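Student: Quick one, what's the 3D model for this:
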Amino acid sequence: MQPVEPIIVVDLFEPLLDRLLLLLRQLSAVEWQRPTPCEGWSVKDIALHLLGDEMGQLSRGRDKDTSYSLKPGPDLVSRINEHNALWVEATRRISTPLLCELLDSTGHEVVKYFKSRPLMEMGGPVSWAGPEPAPIWLDVAREYTERWHHQQHIREALQQPGLTEAAFLTPVLDTFMRALPYTFRAIEAPEHTVIQLSITGEAGRSWFLMRNHSAWSLFTDTAFEPAAIITIDQQTTWCLLTKGLTREQALARASTQGNTALALPFFSAVSIIA
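Tutor: Numbering: from 1, shown residues only. Below is the predicted model of the structure:
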């Protein structure tokens with residue numbers, strides 16, 4: 001058996017930012033206002049949301065400013081959505097050239113901050129992976145997926161090629177898979193029951209979710225035969241896990257073999273907070 005390994009993505013933030021700025025700086029006024037898959041948000045709105053993420057990382061993380069923070073609670077997701085909407089509404093007056101300048105400045109400062117963090121130490125929880133403390137590398141990888149999938153939304157709105165090559169997308173998929181043990185936590189199965197998830201496409205590969213010591217654990221290889229096999233393409237996978245597709249839409253695009261009932265919880269997995 002081969003357990004999954006830490007996902008180290010600190011060197012991917014700068015090339016991801018460079019690709020974003022290269023795209024944004026050549027847009028026309030009309031293109032900035034194109035609608036995106038994020039309902040009610042334009043290309044500019046998503047760029048403003050990304051700027052808010054960078055500001056938050058520098059304020060809360062680098063500068064340890066706790067004067068404004070969202071406390072955990074049953075309505076956390078709705079409060080995050082309200083917080084994000086308020087930020088976008090308030091910052092729409094920023095010009096697009098200034099927005100690019102701010103993204104350039106804050107983006108590189110965030111990269112420095114992430115590179116300064118002790119990646120192998122434990123930090124706060126990553127909510128969709130469980131309520132327990134998580135390693136800092138997972139928190140940083142989660143931040144990478146946030147920037148990647150929002151840039152993907154911008155690219156889709158502009159009908160531009162996505163960053164779907166393995167160098168960019170495989171770490172996103174690997175990070176998203178870390179939601180599976182928590183997603184399956186209430187699913188009972190005999191010891192060493194294995195669910196194989198095979199993601200097709202240039203960035204895809206196989207992950208194995210195994211019942212191990214009365215819990216589910218994630219592996220990249222196992223000697224045990226899978227009880228269920230899910231085959232799904234990389235586009236459907238990331239869209240499903242970021243709420244861009246419904247469970248039913250993803251099921252229609254995937255195939256399952258073996259114990260289908262055991263495979264179904266995967267299609268309810270989520271790897272974002274809001």
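Student: Helix or strand: which one has Val111?
Tutor: Using DSSP states H and E, Val111 maps to helix 96-116.
Student: Output that helix in CSV, but only the C-alpha positions, please.
Tutor: Extracted C-alpha coordinates of helix 96-116, given in CSV (Å, rounded to 0.1, in the frame of the first residue of the first chain):
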residue,chain,number,x,y,z
THR,A,96,-9.2,47.4,-14.2
PRO,A,97,-5.6,48.7,-14.6
LEU,A,98,-5.5,49.4,-10.9
LEU,A,99,-7.0,46.0,-10.2
CYS,A,100,-4.2,44.3,-12.2
GLU,A,101,-1.6,46.3,-10.3
LEU,A,102,-3.1,45.3,-7.0
LEU,A,103,-3.3,41.7,-7.9
ASP,A,104,0.4,41.8,-9.0
SER,A,105,1.5,43.4,-5.8
THR,A,106,-0.6,41.4,-3.3
GLY,A,107,-0.1,38.2,-5.3
HIS,A,108,3.7,38.2,-5.0
GLU,A,109,3.5,39.2,-1.3
VAL,A,110,1.2,36.2,-0.7
VAL,A,111,3.7,33.9,-2.4
LYS,A,112,6.5,35.2,0.0
TYR,A,113,4.1,34.6,2.9
PHE,A,114,3.3,31.0,1.8
LYS,A,115,7.0,30.2,1.3
SER,A,116,7.7,31.4,4.9
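Student: centre of the chain versus it, how much separation?
Tutor: With Cα atoms, centre = their mean, to the nearest Å as the basis, helix 96-116 stands 19 Å off its chain's centre.
Student: I'd like the mean pLDDT over that helix, please.
Tutor: Mean pLDDT, computed over helix 96-116, is 98.
Student: now for that helix, which elements pack on it?
Tutor: Secondary-structure packing of helix 96-116 (3 or more Cβ pairs under 8 Å, 6 or more residues apart in numbering; DSSP states H and E): helix 13-24, helix 43-56. (Each C-beta comes from the backbone N, C-alpha and C, glycine too.)
Student: Spell out which residues sit in contact with the closest residue to Pro118 other than its chain neighbours, please.
Tutor: Nearest residue to Pro118 in three dimensions, chain neighbours excluded: Ile136, at 6.2 Å (Cβ to Cβ, 6 or more residues apart in numbering). Contact partners of Ile136, counting by Cβ atoms under 8 Å, 6 or more residues apart in numbering, are 117-123.
Student: in those residues, which two residues are the furthest apart from each other?
Tutor: For these, with distances taken as Cβ to Cβ, the pair at the greatest spread is Arg117 and Met122 (11.8 Å).
Student: Cool, thanks, talk later.
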